[in-house]
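Quick check, what structure comes out for this input:
(2 chains)
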Amino acid sequence: MTVSTSTTSRASRAPAAGGRARALSEVPLPPTAWSRVTRKVFGHRGLAIGLAIGLVCVGLAVLIALFAPLLAPHDPYFQDISNRMVPPVWHDKGSWTHVLGTDKLGRDYLSRLIYGTRISLTIGLVAALISGVIGTTLGVLAGYFGGRVDAFISYIITTRLAMPVVLVALALASLTGGSLTTVIVLLGLLLWDRFAVVSRSVTQQLRDAEYVYAARTLGCSLPYILVREVLPNIAGALIVVITLEMAHAILLEATLSFLGMGVQPPLPSWGLMVAEGKAYMFFQPWVIAIPGVALFVLVLAINLLGDGLRDLNAPGGRH
Amino acid sequence: MGTFIVRRLLVALGVALTISVVSFMLLHLSGDLATSIAGPEATAEQVAQIRVEYGLDRPIVSQYLDWLGGALQFDFGRSYYYQSTVIDLIVERMPITLTLGGLALGLAVCISIPLGVVAALKRDSWVDRLALLFAVVGQAMPSFWFGLTLIVVFAVTLKWLPAAGSGGLEHFILPAIALGYYATPAMMRLTRTGMLEVLESDYIRTARAKGLSTTSVIFKHALRNAIIPVVALAAVELGFMLGGSVVIESVFSLGGLGQLAWDAISRNDYPVVQAVVLIIALFYIVLTLLADVANAALDPRIRTR
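Okay, here's the model as predicted:
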């Protein structure tokens, strides 16, 4: 193990590798977060490739979403009935005015796809944040207190896991009328289970760490201990869960919209685009292939990013 | 072992009861059922009439207790849309969903376990990479879109299999592939990690040192231990797949529980929605219970936890 001379506040707080009896100066300092990252990324080529692909694709998607008005060649809502179902440019009848063709209402497919990035990313990010707050709060409390609190919260988690998410989300989205906001809130309220499970088990391991014990002895308040001592140390694990849940929320939104209970027309949700193209897929398969591939690539990139981050976090690397 | 089973059983009962409360309350409180049932063109009088007619004007607790009392005797009331009781509809559709779930699970097991074992034995080889790719792709593929793609390729272009409808076994093949692929990545990864862990253990080294054949070491000693968590995961995945069948069944117009639920949701047929949610949750609860008990029977360390 390489011993780094500089320490960050995080590294000095991490459980020291040496025994308690030795003088502090003799204890080998754990590597800083950054040296660990560089060694791992450059140590495993496969890992670096996956992480790089994920980072580049997600970064591109964020840029596309931010600059959608500049990038989109047409208005995504503009209907042109005389130019319906124009095939993409690689088809014989395609043209460069509509690179990815037009849909059944003559709207430019590329522009809709570009604006759709905004919907998917917003849903993924906001839903993951809402569920992250709920799940982490529950998980940290359960892991820190143990005993009855843990038993009660574990029971809530078990109950949530037994609920068929897709069905419940469908029914509730249909009742509340299905809009971008309701879908985001619904998914946020439903997808917190993994946050709770992970933060619970990580907090359990931290509960008896020396720095938490020290903070307790110093008389720090409970919120201080949970927020300043526990939370920073489970953040690494939580970032991985955030990526996984973002991907999950994006897929679930697409599914709800595909089934007609999620984001409503004329918004350019990718799931909705697949649903609208379904009637034409037998003769023009590209109408479902294009939004489907976009969805697949975005979710794949987010997952690769998450896998890469998890392997960086894990002490032993990928098993 | 006895106390373990009793304790797990009590938790399962509690969870089932809680889910019945939560799903009932969610449906009744997140919107006005009477307005949804009456439709957008109804007058205020018609809405009020429906509210009384369907008993929606009573306090929610008494509505719930009535519903629960019926549900305990498998009486979920009458469908608002079909001229039939909810339980008849469910009994009629259940075999389709169970066939689909069973086939999908069978397919997932047949692919994920051999693939996981080979990936672990040939760690970091091209087979391992390919298996990882297969898993990563499966996790990112939207299941409804994969289903549609299967229809376009195998039903429309190649004309090998029917695109939609329920009938003979051939109608189940494409939906089972679409649903099964969804469960494969997790099971494959778990088999692979389990095998890697077991292969490094002392008793495998001992078995090898005794001069046992490689096949005997792999199948009799390693796989048998590595597979315990996979069996539990398979049960849980089957529960998830029954819940996820709502998507696949509507893609393939397979008239099982999932499609019944989707039709019921779009027609505001809430007694049916409520019953299907509860029944699918019950399946999941029973399956996880069986998985836990099986695990505890195979691995005594779990019992004392």
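
What is the burial count for whichever residue of chain A sits closest to chain B?
Using Cβ to the nearest Cβ, the closest approach of chain A to chain B is made by residue A:164 at 3.3 Å. C-beta: built from backbone N, CA, C; applies to glycine. By other Cβ atoms under 10 Å in any protein chain shown, the residues close to residue A:164 number 28.

And for it, nearest residue in space, chain neighbours not counted?
residue B:243 (3.3 Å; Cβ to Cβ, 6 or more residues apart in numbering or on different chains).

since we're on the one you found, how many residues are nearby?
Here the count is done by other Cβ under 10 Å, and residue B:243 has 25 residues near it.

try the one 4 residues further on
When neighbours are counted by other Cβ under 10 Å, residue B:247 registers 26.

before we move on, the earlier item: and the residue nearest to residue A:164, what pLDDT?
Note for residue B:243: predicted pLDDT of 86.

and what of residue B:105?
Predicted confidence (pLDDT) for residue B:105: 94.

need the contact list for it.
Residues in contact with residue B:105 (Cβ atoms under 8 Å, 6 or more residues apart in numbering or on different chains) are B:180, B:183, B:234, B:237-238, B:241.

Dump the residues you listed into TSV; add secondary structure as well.
Converted to TSV, the contacts of residue B:105 look like this (DSSP: H, G, I helix; E, B strand; the rest coil):
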residue	secondary structure
B:180	helix
B:183	helix
B:234	helix
B:237	helix
B:238	helix
B:241	helix
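
quick one: low-confidence ranges for the stretch 1-150 of chain B?
Across the stretch 1-150 of chain B, residues meeting the criterion (pLDDT under 70) sit at B:30-31.

Quick one: name the residues of it near chain A.
B:11, B:14-16, B:18-19, B:22-23, B:26-27, B:30-31, B:33, B:36, B:129, B:136-137, B:139-145, B:148-149 (Cβ under 8 Å from any Cβ of the partner chain).

of the residues you listed, buried ones?
B:11, B:15-16, B:18-19, B:22-23, B:26-27, B:30-31, B:33, B:36, B:136, B:139-145, B:148-149 (16 or more other Cβ atoms under 10 Å in any protein chain shown).

Out of those, list just those in helices.
Assigned to helices by DSSP state H, the following of those qualify: B:11, B:15-16, B:18-19, B:22-23, B:26-27, B:33, B:36, B:136, B:139-140, B:143-145, B:148-149.

so where is the stretch 1-150 of chain A shaky, pLDDT-wise?
Residues of the stretch 1-150 of chain A that meet the criterion pLDDT under 70 lie in A:1-47.

repeat that with 90
Filtered on pLDDT under 90, the stretch 1-150 of chain A yields the residue ranges A:1-53, A:68-69, A:71-109, A:146.

okay but residue B:135 is in contact with residue B:187, surely?
No. Taking contacts as Cβ atoms under 8 Å, residue B:135 lies outside contact range of residue B:187: 9.4 Å.

neighbour count winner among those two?
residue B:187 (25 against 21).

Mind telling me what element the more buried one is part of?
With elements taken from DSSP states H and E, the one containing residue B:187 is helix B:170-199.

and residue A:85, how far is that from residue B:214?
Between residue A:85 and residue B:214 the computed distance is 58 Å (Cβ to Cβ, to the nearest Å).

what about these two, which has more around it?
residue A:85 (18 against 9).

wait, that one sits on residue A:281?
No. Applying Cβ under 8 Å, one finds residue A:85 not in contact with residue A:281, separated by 11.8 Å.

list the residues that contact both of those two?
Listed contacts common to residue A:85 and residue A:281 are residue A:287; contacts here mean Cβ under 8 Å, 6+ apart.

Next secondary structure element downstream of the helix or strand hosting residue B:261?
Under the criterion of DSSP H and E, residue B:261 resides in helix B:257-266. The C-terminal neighbour of helix B:257-266 among helices and strands, as given by DSSP H and E, is helix B:270-298.

what about that next one, near chain A?
Yes. Counting by Cβ under 8 Å from any Cβ, chain A is contacted by helix B:270-298 at B:273, B:276-277, B:280-281, B:284-285, B:288.

Among those residues, which one has the most neighbours?
Of these, with other Cβ under 10 Å as the count, residue B:276 tops at 30 neighbours.

That one and residue B:262 touch, don't they?
No. Counting by Cβ under 8 Å, residue B:276 does not reach residue B:262; the two are 9.6 Å apart.

Just give me the closest of the residues of helix B:270-298 next to chain A to residue B:42.
residue B:273 (20.0 Å; Cβ to Cβ).

The closest one is in contact with residue A:171, isn't it?
Yes. Judged on Cβ under 8 Å, residue B:273 makes contact with residue A:171 at a distance of 5.1 Å.

As JSON lines, the contacts of residue B:105 with distance to residue B:1 and neighbour count would be great.
Formatted as JSON lines, those follow (distance: Cβ to Cβ, whole Å; neighbours: other Cβ atoms under 10 Å in any protein chain shown):
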{"residue": "B:180", "distance to residue B:1": "33", "neighbour count": "25"}
{"residue": "B:183", "distance to residue B:1": "29", "neighbour count": "26"}
{"residue": "B:234", "distance to residue B:1": "22", "neighbour count": "23"}
{"residue": "B:237", "distance to residue B:1": "25", "neighbour count": "25"}
{"residue": "B:238", "distance to residue B:1": "24", "neighbour count": "21"}
{"residue": "B:241", "distance to residue B:1": "29", "neighbour count": "24"}
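
helix, strand or coil for residue A:197?
Under three-state DSSP, residue A:197 comes out as helix.

can you confirm residue B:253 is in a helix?
No. Using three-state DSSP, the assignment for residue B:253 is coil, not a helix.

I'd say it and residue B:262 touch.
No. The pair residue B:253 / residue B:262 is not scored as a contact, 10.5 Å apart, by Cβ under 8 Å.

of these two, who's got more company?
residue B:262 (24 against 13).

what residue ranges in the stretch 201-305 of chain B are flagged as low confidence?
Filtered on pLDDT under 90, the stretch 201-305 of chain B yields the residue ranges B:201-237, B:239-245, B:250, B:253-256, B:264-271, B:273-274, B:288, B:290-305.

Quick check, the residue in it closest to chain A?
Closest point on the stretch 201-305 of chain B to chain A, by Cβ to the nearest Cβ, is residue B:243, at 3.3 Å.

could you list every residue that touches that residue?
For residue B:243, the contact set (Cβ under 8 Å, 6+ apart) comprises A:164-167, B:280, B:284.

Most widely separated two among those?
Taking Cβ to Cβ, no two of the contacts of residue B:243 sit farther apart than A:166 and B:284, at 12.4 Å.

pull the longest helix from the chain.
Chain wasn't specified; assuming chain A. helix A:109-145.

Can you look at chain B instead?
Max-length helix for chain B by DSSP H is helix B:86-121.

which of the residues in that helix are buried?
For helix B:86-121, by 16+ other Cβ under 10 Å, it's B:86-87, B:89-90, B:93-94, B:96-101, B:103-105, B:107-109, B:111-113, B:115-121.

Counting neighbours, what do you get for residue B:12?
Per other Cβ under 10 Å, the neighbour tally for residue B:12 reads 18.

For it, give me its contacts.
With contacts defined as Cβ under 8 Å, 6+ apart, residue B:12 is in contact with B:285-286, B:288-289.

Let's have the residues you listed in CSV, adding distance to residue B:164.
Formatted as CSV, the contacts of residue B:12 follow (distance: Cβ to Cβ, whole Å):
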residue, distance to residue B:164
B:285, 32
B:286, 31
B:288, 32
B:289, 35
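
and residue 268, what is it in contact with?
Going with chain A. Contact analysis of residue A:268 by Cβ under 8 Å, 6+ apart lists A:76, A:111-113, A:115-116, A:119.

Sorry, I should have been clearer: chain B.
Contacts of residue B:268 (Cβ under 8 Å, 6+ apart): A:174, B:33, B:36-37, B:80.

Give me the nearest residue to residue A:126, chain neighbours excluded.
Distances taken as Cβ to Cβ, 6+ apart put residue A:184 closest to residue A:126, at 5.0 Å, once the chain neighbours are dropped.

Check the burial of the closest residue to residue A:154 other than its chain neighbours by counting its neighbours.
Spatial nearest neighbour of residue A:154, chain neighbours left out: residue A:142 (6.3 Å); criterion: Cβ to Cβ, 6+ apart. For residue A:142, the neighbour count with other Cβ under 10 Å is 25.
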